[in-house]
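A.B. asks: I need the structure of the sequence given here:
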Amino acid sequence: MIEKHFVLEDVDPVLFYGAGNSNMQLIKALFPKLRIVARDSVIRVMGDSTELNRFEEVLVKLERYCNEYNSLKEENIVDIINGQEPSGEKSSNVILFGVTGRPIIPRSENQKKIVDDYATNDMIFAIGPAGSGKTYTAVALAVRALKAKVVRRIILTRPAVEAGENLGFLPGDLKEKLDPYLQPLYDALRDMLSQQKLESLIQQGVIEIAPLAFMRGRTLDNAFVILDEAQNTSMEQLKMFLTRMGRNSKFIITGDVTQIDLPKNQLSGLLPTIEKVKHIKGIAVIELQSCDIVRHKLVSKIIEALD
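C.D. replies: So this is what the prediction gives:
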């Protein structure tokens with residue numbers, strides 16, 4: 001009898017094992033010749049080599065399916081073990097599948113343009129009003145790239161302008177101080193990764209959420225980097241950030257020039273920077289409009305009324 005250990009690296013074990021361990025119970029029933037013990041992310045399997053090899057092949061397919069669709073149902077397991085193509089909702093518009101298995105797709109023409117331009121450009125500026133989905137679409141593309149191992153890490157950053165110089169006077173450590181200003185990024189990630197998986201990736205440094213000032217002096221290789229709220233940066237800050245780009249990296253810069261929170265004597269550097277770099281090959285600029293807003297229908301009307 002041979003014993004092998006398999007580690008679930010790319011999926012949330014809770015999701016993979018199923019509610020009440022139902023998926024693992026089914027897998028055990030479909031491999032009666034093997035003794036299977038699953039704990040945390042490790043699956044111990046004992047049996048003869050032929051059956052073990054078959055189990056390993058199936059496990060790779062199950063993990064790949066679960067990673068792609070963020071879901072694993074009993075009928076999917078049966079299909080894969082029987083050598084059939086599992087049913088899925090894959091379409092050309094799907095960016096990835098969220099924590100509930102819900103497909104995350106571009107919900108407007110300009111969101112789709114972000115997705116399309118991402119395929120042919122390494123740096124994208126997505127400018128538009130609140131609720132137009134620019135940050136959410138960018139985060140979805142980042143998570144997809146990480147899952148597909150196109151990049152090794154995700155870095156999400158924004159200027160902590162709202163905190164100003166008062167960070168030192170706020171209680172708690174740096175993370176506790178900054179988290180309230182980074183909540184939009186956390187909210188998007190929680191739609192796409194389970195809480196357990198998200199916390200694990202943050203602890204490992206695979207996902208980093210940090211203020212813009214922390215980017216200074218770094219070279220960001222093999223990373224998908226998103227700068228959110230870029231309208232609250234100066235030209236000097238944007239130059240510092242854009243020149244952090246390393247090998248095999250993707251940058252998406254999002255901003256809303258109608259929501260500038262800088263002091264009155266400080267100008268936003270977002271539009272002047274775009275004007276200077278938009279002609280460079282490999283850089284795309286997408287301007288989202290009120291028609292791209294995907295929040296409550298009143299939001300676009302309020303924005304138009306107050307502009």
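A.B. asks: and the most centrally placed residue in the chain, what element?
C.D. replies: Compute the mean C-alpha point of the chain, and by CA atoms, centre = their mean the closest residue is Val143, 2.8 Å away. Element membership for Val143 (DSSP states H and E) is helix 134-147.
A.B. asks: so where do the helices sit in the stretch 201-307 of the chain?
C.D. replies: 235-242, 270-277, 297-306 (DSSP state H, counting those that start in this stretch).
A.B. asks: wait, which of these is closest to Asn23?
C.D. replies: Minimum separation from Asn23 across the helices of the stretch 201-307 of the chain (CB to CB) falls at helix 297-306, 39.6 Å. In this view, the C-beta of every residue, glycine as well, is placed from N, C-alpha and C.
A.B. asks: one step back: what lies in contact with the helix holding Val143?
C.D. replies: 10, 67-68, 95-96, 104, 106, 111, 114-115, 118, 124, 126-128, 151-154, 156, 184-185, 188-189, 191-193, 206-207, 224, 226, 228, 250, 252, 254, 286, 288 (CB atoms under 8 Å, 6 or more residues apart in numbering).
A.B. asks: narrow the residues you listed to those in helices?
C.D. replies: Among those, the members found in helices (DSSP state H) are 67-68, 111, 114-115, 118, 184-185, 188-189, 191-192.
A.B. asks: in the stretch 1-150 of the chain, which segments are predicted with low confidence?
C.D. replies: Counting by pLDDT under 70, the stretch 1-150 of the chain has low-confidence residues at 87-92.
A.B. asks: at 80 what do you get?
C.D. replies: Scanning the stretch 1-150 of the chain for pLDDT under 80 picks out 1, 85-92, 100.
A.B. asks: so which residues of it form strands?
C.D. replies: Secondary structure of the stretch 1-150 of the chain (DSSP state E, counting those that start in this stretch): strands at 2-7, 35-39, 42-47, 96-97, 103-104, 123-127.
A.B. asks: ok, now the stretch 151-300 of the chain?
C.D. replies: So, for the stretch 151-300 of the chain - with DSSP E, counting those that start in this stretch - the strands run 153-158, 207-211, 223-227, 250-255, 283-287.
A.B. asks: how long is stretch 184-204 from one end to the other?
C.D. replies: Criterion CA to CA, to the nearest Å; first-to-last residue distance in stretch 184-204 is 21 Å.
A.B. asks: list the buried residues for that stretch?
C.D. replies: The neighbour-count check on stretch 184-204 (16 or more other CB atoms under 10 Å) flags 184-185, 188-189, 192-194, 197-198, 201-202 as buried.
A.B. asks: could you give the mean pLDDT of it?
C.D. replies: Averaged across stretch 184-204, pLDDT comes to 89.
A.B. asks: would you turn the strands of the stretch 151-300 of the chain into CSV with mean neighbour count?
C.D. replies: Output for the strands of the stretch 151-300 of the chain, formatted as CSV (neighbours: other CB atoms under 10 Å):
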stretch, mean neighbour count
strand 153-158, 23
strand 207-211, 19
strand 223-227, 26
strand 250-255, 26
strand 283-287, 18
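A.B. asks: nearest to Leu15, out of these?
C.D. replies: Per CB to CB, nearest to Leu15 of the strands of the stretch 151-300 of the chain: strand 207-211, 17.7 Å.
A.B. asks: all set now, cheers.
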